[in-house]
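1. Provided below are the primary sequence and the corresponding predicted coordinates.
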Amino acid sequence: MSWFDGFETRRFDVNGVEIFARVPTTARGSRPALLLLHGFPQSHVMWHRVAQQLQHDYWLVMPDLRGYGDSSKLEGLPDHSTYSKRAMAQDMVDVMDLLGLQRFYLCGHDRGARVAHRLALDHAEKVEKLCVIDIAPTLDMYNATDMAFARAYYHWFHLIQPWPLPERMIGGNPKDYLHSKLGGWGSAGLGYIEPQALAEYERCFCTPEAIHSACEDYRASAGIDLEHDRESRAHHQRIACDLLVLWGERGVVNKLFKPLELWQAQCNATLTGQALPAGHFIPEELPKETAAALRRFFGQP
């Protein structure tokens, strides 16, 4: 199969932010819509192998989050609200609205899962079912910070340092930094990544604008996103739809957290989940298994 055969690229202007996405070239028909959100330091191309498995069953929408891939890379505001998960979730809702998709299935990996979590809280009427991959809730992870977590996820504390220190440090050798992240967190090197995907990650990440956007994403998570999360919990706002949680056996989430317990506390509907024999980058390490888990959860059309 050629690269993203059956999909076309689209650009959406949502409140002055350009969101790049791939959508099917064919009409949706009876296929339910499924929005797939990527994480750091990647782009929508991380879903390539999963898309091959699911494209005949679901009408897949695969965008680049703001600040990543070929979407707009905006300069961060002093309060980092430009890259709040609330703002990034609104981008996704606006894209789906422009596509005429009022309700949809939703799945996110890594940062995309954090955007998906906020989207499910702020726009509960939009989400039929939600899957999050290899994360625990942001607030719980920060609240549980200890030496083991700080050592394993040091980037959570490095990237949030004030501009321009982390940007300049990463910018000194962005390709090596990118490779160290893609090969880490239990993923045992870069062998799981398709060469064309790796080239896309290098093209899209290794620029000053992209590095700044990634830092702002994390700065938002350590600040304004926590404010939003605390506010949601204070108002007893929880995920209203059924939730699937997947995580990697070799990853940090499995080693340091209890994802099912943490997510059950944030979900009012039915929760299911499982650990898969992978590191952090599950959709690329185990595309067939990931697709099968999503198909079981979202349902076979």
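-> Yep, it's here.

2. Got phi/psi on Leu244?
-> Main-chain dihedrals, Leu244, degrees, to the nearest 10: phi -110, psi 130.

3. do you know how far it is from Asp5?
-> 27 Å (Cβ to Cβ, to the nearest Å). Heads up, the C-betas are built off the backbone N, CA and C, glycines and all.

4. Those two - which one has more neighbours?
-> Remark: of Leu244 and Asp5, Leu244 carries more neighbours, 21 against 10, as counted by other Cβ atoms under 10 Å.

5. for the more buried one, what are its contacts?
-> 129-132, 271-273, 293-294, 297 (Cβ atoms under 8 Å, 6 or more residues apart in numbering).

6. With Ala124 instead?
-> Per Cβ under 8 Å, 6+ apart, neighbours of Ala124: 239-241.

7. export the contacts of Leu244 to TSV and tack on distance to Leu101?
-> Output for these, formatted as TSV (distance: Cβ to Cβ, whole Å):
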residue	distance to Leu101
Lys129	14
Leu130	15
Cys131	17
Val132	20
Leu271	25
Thr272	25
Gly273	26
Ala293	23
Leu294	17
Phe297	19
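
8. Now list the buried members of those.
-> Using 16 or more other Cβ atoms under 10 Å as the burial test, those include 129-132, 271, 273, 293-294, 297 as buried.

9. Phi and psi next, for the residue minimising distance to the centre of the chain.
-> Per Cα atoms, centre = their mean, the C-alpha nearest to the average position across the chain is that of Gly112, at 1.5 Å. Backbone geometry at Gly112, expressed as degrees, to the nearest 10, gives phi -60, psi -30.

10. Pull out the buried residues from the particular helix or strand that has Leu226 in it.
-> Assigned by DSSP states H and E, Leu226 belongs to helix 224-234. By neighbour count on 16+ other Cβ under 10 Å, the buried set for helix 224-234 is 224-225, 228-229, 232.

11. re the thing from before, just the contacts of Ala124 now: which is nearest Glu75?
-> Ile239 (32.0 Å; Cβ to Cβ).

12. quick revisit: so for the residue nearest to the centre of the chain, what's the pLDDT?
-> We have a pLDDT of 98 for Gly112.

13. I'd say it and Gly39 touch.
-> Yes: assessed by Cβ atoms under 8 Å, Gly112 is found in contact with Gly39 at 4.9 Å.

14. what pLDDT, on average, does the helix holding Leu226 get?
-> 98.

15. One more: stretch 168-176?
-> 98.

16. what sits against the closest residue to Ile224 other than its chain neighbours?
-> Nearest residue to Ile224 in three dimensions, chain neighbours excluded: Ser84, at 4.8 Å (Cβ to Cβ, 6 or more residues apart in numbering). For Ser84, the contact set (Cβ under 8 Å, 6+ apart) comprises 220, 224-225, 228.

17. Then Ala220?
-> 76, 80-85.

18. if you set the cut-off to 7 Å instead, what comes out?
-> 80, 83-84 (Cβ atoms under 7 Å, 6 or more residues apart in numbering).

19. So which of those sit within helices?
-> Judged by DSSP state H, the subset of the contacts of Ala220 located in helices is empty.

20. before we move on, back to that, so what's the gap between the helix holding Leu226 and the chain middle?
-> 19 Å (Cα atoms, centre = their mean, to the nearest Å).

21. and if you look at stretch 33-41?
-> Relative to the chain's own centre, stretch 33-41 is displaced by 5 Å; criterion: Cα atoms, centre = their mean.
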